[in-house]
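A.B. asks: sequence first, predicted model second:
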Amino acid sequence: MRLPAGCAAPYGSMAAPGAAAAGLVQYVVLRGDLARSWPLGAAVAQACHAALAAVHAHRQHPDTSAYLEQGGAMRTVVLEAPDEAALMSLAETLKQHSVDHQVWTEQPENVATCLALRPYPKDQVHQHLKKFKLLK
C-alpha cells in the first residue's frame, strides 16, 4: 500500500526492512502568537530553522539517520504554543525528561520563536506534547 507523501505507516503494520523508521516523527512547536502576527514566510522560516537545528545537533543519533533516510516519507507534526512562556515551559519539561530538542532564538532580537525535537518514535514523546494543538 502506498501512502500519501508525509504519511507514515501505522504502528503494527507488516514489518519490512526499515519499517521501524516509519514510526518516527519530528515535532516542531511554533509560537502561535507570532504565527498570527508575523508574515507567514517569517513564521515558516522559524520552524525550518528549529527543525534543521534539531536534526543537525542530533545527526549522529540512529533515529535521526533513519528519519532522514525516509526522504519524501518523513513525517513532521507542527504544533502551536500560545506564547513564549508556554514554549519555554515545554523546553524545560523536555529537558527534565531528557528529550532531545533545540529552541530556536531569533537574533538579534533574542526572541525564542520555536522549538523542535529530533525525530522520535511518537510513543516516546507524545505525552509531553499532547496539550498542544496542531498549528492552524
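C.D. replies: Here it is on my side, so go on.
A.B. asks: biggest helix in the protein by residues?
C.D. replies: Criterion DSSP state H: the longest helix present in the chain is helix 40-57.
A.B. asks: can you give me the helices for this structure?
C.D. replies: Under DSSP H, the chain gives helices at 32-37, 40-57, 62-69, 84-96, 122-129.
A.B. asks: mean pLDDT added to those helices, as TSV?
C.D. replies: TSV is the format used below for these (pLDDT from 0 to 100):
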stretch	mean pLDDT
helix 32-37	95
helix 40-57	97
helix 62-69	96
helix 84-96	98
helix 122-129	96
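A.B. asks: of all those helices, which one is nearest Q102?
C.D. replies: helix 40-57 (4.2 Å; Cβ to Cβ). In short, each C-beta sits where N, CA and C put it, glycine included.
A.B. asks: other SSEs contacting the closest one?
C.D. replies: Secondary-structure packing of helix 40-57 (3 or more Cβ pairs under 8 Å, 6 or more residues apart in numbering; DSSP states H and E): strand 24-31, helix 32-37, helix 62-69, strand 101-106, strand 111-117.
A.B. asks: okay, it in PDB with CA atoms only?
C.D. replies: Taking C-alpha atoms only, helix 40-57 is exported to PDB below (Å, rounded to 0.1, in the frame of the first residue of the first chain):
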ATOM      1  CA  LEU A  40       3.700  33.800   7.000                       C
ATOM      2  CA  GLY A  41       7.100  33.300   5.400                       C
ATOM      3  CA  ALA A  42       8.900  34.600   8.600                       C
ATOM      4  CA  ALA A  43       7.000  32.200  10.800                       C
ATOM      5  CA  VAL A  44       7.700  29.300   8.500                       C
ATOM      6  CA  ALA A  45      11.400  30.200   8.500                       C
ATOM      7  CA  GLN A  46      11.400  29.900  12.300                       C
ATOM      8  CA  ALA A  47      10.000  26.400  12.100                       C
ATOM      9  CA  CYS A  48      12.500  25.400   9.400                       C
ATOM     10  CA  HIS A  49      15.400  26.800  11.500                       C
ATOM     11  CA  ALA A  50      14.400  24.900  14.600                       C
ATOM     12  CA  ALA A  51      13.800  21.700  12.700                       C
ATOM     13  CA  LEU A  52      17.200  21.900  10.900                       C
ATOM     14  CA  ALA A  53      19.000  22.800  14.200                       C
ATOM     15  CA  ALA A  54      17.500  19.800  16.000                       C
ATOM     16  CA  VAL A  55      18.400  17.400  13.100                       C
ATOM     17  CA  HIS A  56      21.900  18.900  12.900                       C
ATOM     18  CA  ALA A  57      22.500  18.700  16.600                       C
END
